[in-house]
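Q: sequence first, then the predicted structure:
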Amino acid sequence: MSDLPEDLTNPELVAETELAFEGALRPHTLAEFVGQKKVRGQLELLLTAASMQGRTPDHILLAGPPGLGKTTLSMIVAEETGKPLRMTSGPAIQHAGDLAAMLSSLMPGEVLFVDEIHRMARSAEEMLYLAMEDFRIDIMVGKGAGATSIPLELAPFTLVGATTRAGLLPNPLRDRFGFTAHLEFYDPAELELVISRAARLMGFEISADAIQVIASRSRGTPRIANRLLRRVRDYFLVHQSVGDRSAVDAALELYDVDTLGLDRLDRAVLRGLIERFKGGPVGLSTLAVSVGEDSETIEAVVEPFLVRAGLVSRTPRGRVATEAAWNHFNLSQPNVL
Ligand SMILES: Nc1ncnc2c1ncn2[C@@H]1O[C@H](COP(=O)(O)OP(=O)(O)OP(=O)(O)O)[C@@H](O)[C@H]1O
(Lines give C-alpha, C1' and ligand atoms only; values in the text may rest on other atoms or scores of the structure.)
Protein backbone atom coordinates (compact mmCIF):
# COMPACT_ATOMS: atom_id res chain seq x y z
CA MET A 1 0.00 0.00 0.00
CA SER A 2 1.34 3.44 -0.78
CA ASP A 3 2.33 5.62 2.12
CA LEU A 4 0.52 8.82 1.30
CA PRO A 5 2.52 11.28 3.42
CA GLU A 6 5.71 9.98 1.90
CA ASP A 7 4.35 10.26 -1.64
CA LEU A 8 3.11 13.78 -1.08
CA THR A 9 6.53 15.36 -0.97
CA ASN A 10 8.32 13.03 -3.36
CA PRO A 11 8.46 14.85 -6.70
CA GLU A 12 9.61 11.69 -8.50
CA LEU A 13 6.45 9.70 -7.87
CA VAL A 14 3.49 10.67 -10.01
CA ALA A 15 0.35 8.56 -9.68
CA GLU A 16 -1.76 7.89 -12.79
CA THR A 17 -4.62 9.87 -11.25
CA GLU A 18 -2.33 12.83 -10.85
CA LEU A 19 -1.42 13.04 -14.52
CA ALA A 20 -4.82 14.38 -15.59
CA PHE A 21 -4.73 16.86 -12.74
CA GLU A 22 -1.22 18.00 -13.70
CA GLY A 23 -2.34 18.37 -17.30
CA ALA A 24 -5.16 20.69 -16.31
CA LEU A 25 -2.79 22.95 -14.39
CA ARG A 26 0.01 23.15 -16.93
CA PRO A 27 0.75 26.59 -18.31
CA HIS A 28 0.50 26.67 -22.12
CA THR A 29 2.70 29.63 -22.99
CA LEU A 30 6.01 31.04 -21.80
CA ALA A 31 4.17 34.11 -20.52
CA GLU A 32 1.97 31.90 -18.31
CA PHE A 33 4.95 29.91 -17.01
CA VAL A 34 5.78 31.19 -13.54
CA GLY A 35 9.38 31.69 -12.33
CA GLN A 36 12.60 30.47 -14.03
CA LYS A 37 12.96 34.01 -15.36
CA LYS A 38 16.36 33.42 -16.86
CA VAL A 39 15.41 30.21 -18.66
CA ARG A 40 12.20 31.81 -19.93
CA GLY A 41 14.15 34.73 -21.38
CA GLN A 42 16.67 32.39 -23.00
CA LEU A 43 13.99 30.19 -24.51
CA GLU A 44 11.99 33.15 -25.73
CA LEU A 45 15.02 34.51 -27.59
CA LEU A 46 15.85 31.13 -29.12
CA LEU A 47 12.27 30.52 -30.30
CA THR A 48 11.74 34.05 -31.61
CA ALA A 49 15.02 34.05 -33.57
CA ALA A 50 14.15 30.68 -35.14
CA SER A 51 10.69 31.89 -36.09
CA MET A 52 12.09 35.12 -37.62
CA GLN A 53 14.43 33.05 -39.76
CA GLY A 54 11.75 30.50 -40.58
CA ARG A 55 13.82 27.60 -39.30
CA THR A 56 13.42 24.83 -36.75
CA PRO A 57 14.64 25.92 -33.30
CA ASP A 58 17.91 24.43 -32.01
CA HIS A 59 17.82 21.35 -29.83
CA ILE A 60 17.18 22.12 -26.16
CA LEU A 61 18.37 20.27 -23.06
CA LEU A 62 16.39 20.85 -19.86
CA ALA A 63 18.34 19.88 -16.76
CA GLY A 64 17.16 19.89 -13.17
CA PRO A 65 15.49 17.94 -10.37
CA PRO A 66 12.04 16.35 -10.92
CA GLY A 67 8.83 18.38 -10.82
CA LEU A 68 10.30 21.77 -11.78
CA GLY A 69 8.57 22.00 -15.16
CA LYS A 70 10.69 20.21 -17.78
CA THR A 71 7.75 18.38 -19.37
CA THR A 72 5.68 21.55 -19.20
CA LEU A 73 8.41 23.52 -20.98
CA SER A 74 8.66 20.92 -23.75
CA MET A 75 4.92 21.30 -24.33
CA ILE A 76 5.30 25.06 -24.36
CA VAL A 77 8.06 24.82 -27.01
CA ALA A 78 5.66 22.86 -29.22
CA GLU A 79 2.79 25.26 -28.57
CA GLU A 80 4.91 28.34 -29.15
CA THR A 81 6.24 26.96 -32.44
CA GLY A 82 2.81 25.69 -33.46
CA LYS A 83 4.22 22.23 -34.19
CA PRO A 84 3.15 18.78 -32.98
CA LEU A 85 4.84 17.23 -29.97
CA ARG A 86 6.01 13.62 -29.76
CA MET A 87 6.81 12.37 -26.27
CA THR A 88 8.98 9.46 -25.22
CA SER A 89 11.56 8.64 -22.59
CA GLY A 90 15.09 7.27 -22.40
CA PRO A 91 14.09 3.97 -20.77
CA ALA A 92 11.62 3.37 -23.65
CA ILE A 93 14.45 3.59 -26.20
CA GLN A 94 16.36 0.40 -25.57
CA HIS A 95 17.46 -0.26 -29.17
CA ALA A 96 18.63 1.96 -32.00
CA GLY A 97 15.68 0.56 -34.00
CA ASP A 98 13.17 2.08 -31.53
CA LEU A 99 14.71 5.47 -32.14
CA ALA A 100 15.02 5.01 -35.91
CA ALA A 101 11.30 4.22 -36.17
CA MET A 102 10.41 7.33 -34.23
CA LEU A 103 12.81 9.70 -35.97
CA SER A 104 11.84 8.57 -39.47
CA SER A 105 8.16 9.27 -38.80
CA LEU A 106 8.60 12.83 -37.50
CA MET A 107 6.79 15.63 -39.33
CA PRO A 108 8.81 18.69 -40.43
CA GLY A 109 9.40 20.94 -37.41
CA GLU A 110 8.00 18.42 -34.94
CA VAL A 111 9.21 18.67 -31.35
CA LEU A 112 10.53 15.38 -29.97
CA PHE A 113 10.59 15.28 -26.18
CA VAL A 114 12.82 12.63 -24.62
CA ASP A 115 12.40 12.54 -20.85
CA GLU A 116 15.23 10.99 -18.80
CA ILE A 117 17.42 11.16 -21.87
CA HIS A 118 20.44 9.98 -19.83
CA ARG A 119 18.81 6.52 -19.63
CA MET A 120 18.69 5.88 -23.38
CA ALA A 121 20.56 2.85 -24.83
CA ARG A 122 24.11 3.64 -25.95
CA SER A 123 23.48 2.42 -29.53
CA ALA A 124 20.49 4.79 -29.83
CA GLU A 125 22.57 7.63 -28.42
CA GLU A 126 25.07 7.24 -31.23
CA MET A 127 22.31 7.29 -33.82
CA LEU A 128 20.96 10.44 -32.22
CA TYR A 129 24.27 12.33 -32.70
CA LEU A 130 23.94 12.19 -36.47
CA ALA A 131 20.19 12.80 -36.41
CA MET A 132 20.62 15.94 -34.31
CA GLU A 133 23.45 17.31 -36.37
CA ASP A 134 22.57 16.42 -39.96
CA PHE A 135 18.92 15.30 -39.74
CA ARG A 136 20.03 11.97 -41.09
CA ILE A 137 20.46 8.43 -39.76
CA ASP A 138 22.33 5.46 -41.10
CA ILE A 139 20.32 2.27 -41.21
CA MET A 140 22.42 -0.90 -41.07
CA VAL A 141 21.32 -3.59 -43.48
CA GLY A 142 22.66 -7.16 -43.32
CA LYS A 143 25.17 -8.66 -40.92
CA GLY A 144 28.88 -9.33 -40.67
CA ALA A 145 31.18 -8.56 -43.60
CA GLY A 146 28.26 -7.96 -45.97
CA ALA A 147 26.63 -5.30 -43.75
CA THR A 148 26.09 -1.93 -45.37
CA SER A 149 24.63 1.29 -44.10
CA ILE A 150 21.92 3.15 -45.98
CA PRO A 151 21.53 6.83 -45.18
CA LEU A 152 17.99 8.04 -44.47
CA GLU A 153 17.11 11.73 -44.58
CA LEU A 154 14.93 13.00 -41.73
CA ALA A 155 12.58 15.96 -41.53
CA PRO A 156 14.16 18.78 -39.48
CA PHE A 157 12.99 18.50 -35.87
CA THR A 158 13.71 20.01 -32.49
CA LEU A 159 14.85 17.59 -29.82
CA VAL A 160 13.95 18.61 -26.29
CA GLY A 161 15.80 16.35 -23.86
CA ALA A 162 15.12 16.35 -20.14
CA THR A 163 17.46 15.02 -17.50
CA THR A 164 17.90 15.05 -13.76
CA ARG A 165 21.53 14.03 -14.34
CA ALA A 166 23.11 16.28 -16.97
CA GLY A 167 26.52 15.07 -15.79
CA LEU A 168 25.76 11.54 -17.00
CA LEU A 169 25.24 12.58 -20.62
CA PRO A 170 28.19 11.81 -22.86
CA ASN A 171 29.91 14.96 -24.14
CA PRO A 172 29.11 14.35 -27.83
CA LEU A 173 25.40 14.29 -26.97
CA ARG A 174 25.54 17.28 -24.64
CA ASP A 175 27.46 19.29 -27.23
CA ARG A 176 24.77 18.80 -29.85
CA PHE A 177 22.19 20.73 -27.88
CA GLY A 178 22.12 24.37 -28.97
CA PHE A 179 21.05 25.41 -25.51
CA THR A 180 21.01 23.86 -22.03
CA ALA A 181 18.50 25.26 -19.55
CA HIS A 182 19.34 24.64 -15.90
CA LEU A 183 16.09 24.72 -13.97
CA GLU A 184 16.45 25.96 -10.41
CA PHE A 185 14.25 25.35 -7.38
CA TYR A 186 11.54 28.02 -7.16
CA ASP A 187 11.69 30.62 -4.44
CA PRO A 188 8.68 30.96 -2.11
CA ALA A 189 7.29 34.05 -3.88
CA GLU A 190 7.27 32.18 -7.21
CA LEU A 191 5.61 29.15 -5.64
CA GLU A 192 2.95 31.43 -4.21
CA LEU A 193 2.15 32.49 -7.77
CA VAL A 194 2.04 28.84 -8.90
CA ILE A 195 -0.34 28.01 -6.03
CA SER A 196 -2.67 30.97 -6.45
CA ARG A 197 -2.90 30.28 -10.19
CA ALA A 198 -3.71 26.60 -9.50
CA ALA A 199 -6.30 27.49 -6.83
CA ARG A 200 -7.96 29.83 -9.32
CA LEU A 201 -8.04 27.08 -11.95
CA MET A 202 -9.39 24.62 -9.40
CA GLY A 203 -12.03 27.19 -8.48
CA PHE A 204 -11.58 27.61 -4.76
CA GLU A 205 -10.82 30.45 -2.38
CA ILE A 206 -7.67 30.44 -0.29
CA SER A 207 -6.15 33.24 1.76
CA ALA A 208 -2.74 34.77 1.04
CA ASP A 209 -1.21 33.54 4.30
CA ALA A 210 -2.51 30.03 3.67
CA ILE A 211 -0.81 30.12 0.26
CA GLN A 212 2.38 31.25 1.96
CA VAL A 213 2.38 28.22 4.27
CA ILE A 214 1.93 25.79 1.38
CA ALA A 215 4.69 27.52 -0.60
CA SER A 216 7.12 27.29 2.31
CA ARG A 217 6.58 23.51 2.56
CA SER A 218 6.76 22.67 -1.14
CA ARG A 219 10.52 22.08 -1.41
CA GLY A 220 10.85 24.71 -4.11
CA THR A 221 8.91 22.41 -6.46
CA PRO A 222 5.66 23.27 -8.32
CA ARG A 223 4.60 19.59 -8.53
CA ILE A 224 4.66 19.37 -4.74
CA ALA A 225 2.96 22.77 -4.35
CA ASN A 226 0.07 21.63 -6.55
CA ARG A 227 -0.14 18.31 -4.75
CA LEU A 228 -0.26 19.88 -1.29
CA LEU A 229 -2.86 22.33 -2.56
CA ARG A 230 -5.03 19.41 -3.60
CA ARG A 231 -4.88 17.84 -0.15
CA VAL A 232 -5.60 21.21 1.45
CA ARG A 233 -8.61 21.63 -0.82
CA ASP A 234 -9.90 18.20 0.36
CA TYR A 235 -9.48 19.34 3.94
CA PHE A 236 -11.39 22.58 3.31
CA LEU A 237 -14.16 20.60 1.67
CA VAL A 238 -14.54 17.88 4.28
CA HIS A 239 -14.21 20.22 7.27
CA GLN A 240 -16.16 22.97 5.55
CA SER A 241 -13.43 25.34 6.65
CA VAL A 242 -12.64 28.67 5.08
CA GLY A 243 -9.34 28.70 3.20
CA ASP A 244 -7.31 30.12 6.06
CA ARG A 245 -3.93 29.40 7.55
CA SER A 246 -5.05 27.29 10.51
CA ALA A 247 -6.89 24.88 8.22
CA VAL A 248 -3.76 24.59 6.05
CA ASP A 249 -1.61 23.89 9.10
CA ALA A 250 -4.04 21.20 10.24
CA ALA A 251 -4.20 19.61 6.76
CA LEU A 252 -0.43 19.49 6.35
CA GLU A 253 0.05 18.17 9.86
CA LEU A 254 -2.41 15.39 9.07
CA TYR A 255 -0.26 14.42 6.10
CA ASP A 256 2.95 14.64 8.11
CA VAL A 257 4.50 17.33 5.91
CA ASP A 258 7.02 19.00 8.17
CA THR A 259 7.77 22.71 8.35
CA LEU A 260 10.45 22.47 5.68
CA GLY A 261 8.44 20.08 3.51
CA LEU A 262 10.95 17.26 4.06
CA ASP A 263 9.79 13.76 3.19
CA ARG A 264 10.60 10.40 4.74
CA LEU A 265 13.71 9.87 2.63
CA ASP A 266 15.04 13.39 3.24
CA ARG A 267 14.59 12.86 6.94
CA ALA A 268 16.17 9.40 6.80
CA VAL A 269 19.21 10.82 5.00
CA LEU A 270 19.59 13.69 7.44
CA ARG A 271 19.05 11.54 10.51
CA GLY A 272 21.44 8.89 9.15
CA LEU A 273 24.05 11.55 8.54
CA ILE A 274 23.63 12.94 12.05
CA GLU A 275 23.08 9.80 14.09
CA ARG A 276 25.23 7.21 12.33
CA PHE A 277 28.01 9.40 11.04
CA LYS A 278 28.00 12.16 13.70
CA GLY A 279 27.08 14.69 11.02
CA GLY A 280 29.73 13.55 8.51
CA PRO A 281 31.69 13.97 6.38
CA VAL A 282 30.57 10.76 4.74
CA GLY A 283 30.76 9.58 1.13
CA LEU A 284 27.64 9.54 -1.04
CA SER A 285 27.59 5.77 -1.60
CA THR A 286 28.06 4.95 2.11
CA LEU A 287 25.23 7.34 2.96
CA ALA A 288 23.01 5.81 0.26
CA VAL A 289 23.62 2.27 1.50
CA SER A 290 22.86 3.32 5.07
CA VAL A 291 19.34 4.43 4.07
CA GLY A 292 18.78 1.56 1.62
CA GLU A 293 18.63 3.76 -1.49
CA ASP A 294 20.75 3.92 -4.61
CA SER A 295 23.32 6.69 -4.90
CA GLU A 296 21.66 8.07 -8.04
CA THR A 297 18.38 8.82 -6.22
CA ILE A 298 20.20 10.42 -3.32
CA GLU A 299 22.33 12.56 -5.62
CA ALA A 300 19.64 13.58 -8.14
CA VAL A 301 16.48 13.77 -6.03
CA VAL A 302 17.26 14.13 -2.33
CA GLU A 303 20.52 16.02 -2.14
CA PRO A 304 19.81 19.03 -4.40
CA PHE A 305 17.02 20.25 -2.14
CA LEU A 306 18.87 19.51 1.10
CA VAL A 307 21.86 21.48 -0.18
CA ARG A 308 19.68 24.32 -1.41
CA ALA A 309 17.84 24.41 1.96
CA GLY A 310 21.21 24.73 3.72
CA LEU A 311 20.81 21.41 5.57
CA VAL A 312 23.66 19.54 3.90
CA SER A 313 26.91 20.75 2.47
CA ARG A 314 29.12 18.94 0.01
CA THR A 315 32.78 18.94 0.88
CA PRO A 316 35.73 17.24 -0.81
CA ARG A 317 35.67 14.66 2.02
CA GLY A 318 31.94 13.93 1.73
CA ARG A 319 28.51 15.15 2.81
CA VAL A 320 28.16 17.09 6.04
CA ALA A 321 25.02 17.93 8.04
CA THR A 322 24.93 21.66 8.76
CA GLU A 323 23.98 23.26 12.04
CA ALA A 324 20.51 23.95 10.58
CA ALA A 325 20.03 20.20 10.07
CA TRP A 326 20.86 19.45 13.71
CA ASN A 327 18.53 22.25 14.80
CA HIS A 328 15.73 20.91 12.61
CA PHE A 329 15.70 17.72 14.71
CA ASN A 330 16.19 19.69 17.93
CA LEU A 331 19.62 18.13 18.39
CA SER A 332 22.72 20.00 19.36
CA GLN A 333 25.73 19.78 17.13
CA PRO A 334 28.80 18.44 18.98
CA ASN A 335 31.67 20.89 19.17
CA VAL A 336 34.10 20.37 16.35
CA LEU A 337 37.69 20.72 17.55
N1 LIG B 1 6.54 27.32 -13.82
C2 LIG B 1 5.40 26.69 -13.56
N3 LIG B 1 4.27 27.38 -13.39
C4 LIG B 1 3.12 26.72 -13.07
N5 LIG B 1 3.02 25.39 -12.91
C6 LIG B 1 4.13 24.67 -13.08
C7 LIG B 1 5.36 25.27 -13.42
N8 LIG B 1 6.30 24.31 -13.53
C9 LIG B 1 5.67 23.15 -13.28
N10 LIG B 1 4.37 23.37 -13.01
C11 LIG B 1 3.40 22.33 -12.67
O12 LIG B 1 4.08 21.32 -11.92
C13 LIG B 1 3.72 20.03 -12.35
C14 LIG B 1 4.97 19.24 -12.72
O15 LIG B 1 5.61 19.84 -13.84
P16 LIG B 1 6.37 18.96 -14.94
O17 LIG B 1 5.65 17.65 -15.16
O18 LIG B 1 6.57 19.83 -16.11
O19 LIG B 1 7.74 18.69 -14.20
P20 LIG B 1 9.03 17.89 -14.72
O21 LIG B 1 10.22 18.72 -14.39
O22 LIG B 1 8.85 17.46 -16.12
O23 LIG B 1 9.03 16.64 -13.79
P24 LIG B 1 9.63 15.18 -14.17
O25 LIG B 1 11.06 15.39 -14.45
O26 LIG B 1 9.37 14.41 -12.89
O27 LIG B 1 8.81 14.68 -15.30
C28 LIG B 1 2.72 20.24 -13.50
O29 LIG B 1 1.41 20.11 -12.97
C30 LIG B 1 2.90 21.66 -13.93
O31 LIG B 1 1.68 22.22 -14.31
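A: Perfect, I can see it now. Residues are numbered from 1 along each chain as shown.

Q: quick one: contacts for the residue in the chain that the ligand sits nearest to?
A: As assessed by C-beta to the nearest ligand atom, the ligand sits closest to G69 within the chain, at 2.8 Å. The C-beta positions use only the backbone N, C-alpha and C, and glycine is treated the same way. Contact analysis of G69 by C-beta atoms under 8 Å, 6 or more residues apart in numbering lists 33, 36, 183, 222.

Q: tell me, which of these make contact with the ligand?
A: With C-beta under 6 Å from any ligand atom as the criterion, the contacts of G69 include 33, 222 near the ligand.

Q: could you identify the buried members of the contacts of G69?
A: Listed as buried from the contacts of G69 are 33, 36, 183, 222; burial here means 16 or more other C-beta atoms under 10 Å.

Q: how about the first one, nearest residue that isn't a chain neighbour?
A: So the one you mean is F33. Using C-beta to C-beta, 6 or more residues apart in numbering and skipping residues adjacent in sequence, the residue nearest F33 is P27, 4.6 Å away.

Q: could you check how many residues crowd around the one you found?
A: Look at P27: counted by other C-beta atoms under 10 Å, it has 18 neighbours.

Q: get me the contact residues on the stretch 101-250 of the chain for the ligand.
A: Counting by C-beta under 6 Å from any ligand atom, the residues of the stretch 101-250 of the chain lying close to the ligand are 115, 162, 194, 222-223, 226.

Q: mind checking which of these are in helices?
A: 194, 222-223, 226 (DSSP state H).

Q: so which of those residues wins on neighbours?
A: P222 (30 neighbours).

Q: any idea of the pLDDT on the closest residue to E153 other than its chain neighbours?
A: In this structure, E153 finds its nearest non-sequential neighbour in R136, 5.7 Å apart by C-beta to C-beta, 6+ apart. For R136, the pLDDT comes out at 94.

Q: with T259 instead?
A: 88.

Q: check contacts around it.
A: The neighbours of T259, taking C-beta under 8 Å, 6+ apart as the test, are 216-217.

Q: quick check: phi and psi on the nearest residue to E116 once chain neighbours are set aside?
A: Using C-beta to C-beta, 6+ apart and skipping residues adjacent in sequence, the residue nearest E116 is G90, 4.2 Å away. Note on G90: its backbone torsions stand at phi -50, psi -50 [degrees, to the nearest 10].

Q: got it, and R200?
A: Backbone geometry at R200, expressed as degrees, to the nearest 10, gives phi -60, psi -50.

Q: could you check how far it is from I211?
A: R200 sits 11 Å away from I211, going by C-beta to C-beta, to the nearest Å.

Q: tell me which of the two has more neighbours.
A: I211 (25 against 11).

Q: that one touches A198, doesn't it?
A: No. With contact defined as C-beta atoms under 8 Å, I211 and A198 do not form a contacting pair (9.9 Å).

Q: which other residues reach stretch 39-58?
A: 30, 33, 60, 73, 76-77, 80-81, 108-109, 156-158, 177-179, 181-183.

Q: go through that stretch and flag the buried ones.
A: Under the neighbour-count criterion of 16+ other C-beta under 10 Å, stretch 39-58 has 39-40, 43, 46-47, 50, 56-58 buried.

Q: the helix or strand T297 falls within packs against which elements?
A: T297 is located in helix 295-297, with elements delineated by DSSP states H and E. Applying 3 or more C-beta pairs under 8 Å, 6 or more residues apart in numbering; DSSP states H and E, one finds that helix 295-297 contacts helix 284-290.

Q: for the helix it packs on, which helices and strands make contact with it?
A: helix 295-297, strand 318-321.

Q: and the first one, how far from the chain's centre?
A: Counting by C-alpha atoms, centre = their mean, to the nearest Å, helix 295-297 is centred 15 Å from the centre of its parent chain.

Q: same question for it, mean pLDDT?
A: Averaged across helix 295-297, pLDDT comes to 89.

Q: contacts for that helix next, please.
A: The contact list for helix 295-297 (C-beta under 8 Å, 6+ apart) reads 12, 165, 265, 284-285, 288.

Q: which parts of the helix or strand just after it are buried?
A: Scanning forward in sequence from helix 295-297 by DSSP H and E, the next helix or strand is helix 303-308. Buried residues in helix 303-308, counted by 16+ other C-beta under 10 Å: 303-306.

Q: could you give the mean pLDDT of helix 303-308?
A: Over the span of helix 303-308, the pLDDT mean works out to 92.

Q: what helices or strands is that helix leaning on?
A: Using 3+ C-beta pairs under 8 Å, 6+ apart as the test, helix 303-308 ends up in contact with helix 264-271, strand 312-315.

Q: quick one: buried residues of the longest one?
A: This points to helix 264-271. 265-271.

Q: cool, and stretch 176-188?
A: For stretch 176-188, a neighbour-count test (16+ other C-beta under 10 Å) marks 176-177, 180-181, 183-186 as buried.

Q: can you list these in a markdown table and add secondary structure, pLDDT and distance to L85?
A: Output for those, formatted as a markdown table (DSSP: H, G, I helix; E, B strand; the rest coil; pLDDT from 0 to 100; distance: C-beta to C-beta, whole Å):
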| residue | secondary structure | pLDDT | distance to L85 |
| --- | --- | --- | --- |
| R176 | coil | 94 | 20 |
| F177 | coil | 96 | 17 |
| T180 | strand | 95 | 20 |
| A181 | strand | 95 | 17 |
| L183 | coil | 95 | 19 |
| E184 | coil | 93 | 24 |
| F185 | coil | 93 | 26 |
| Y186 | coil | 96 | 24 |
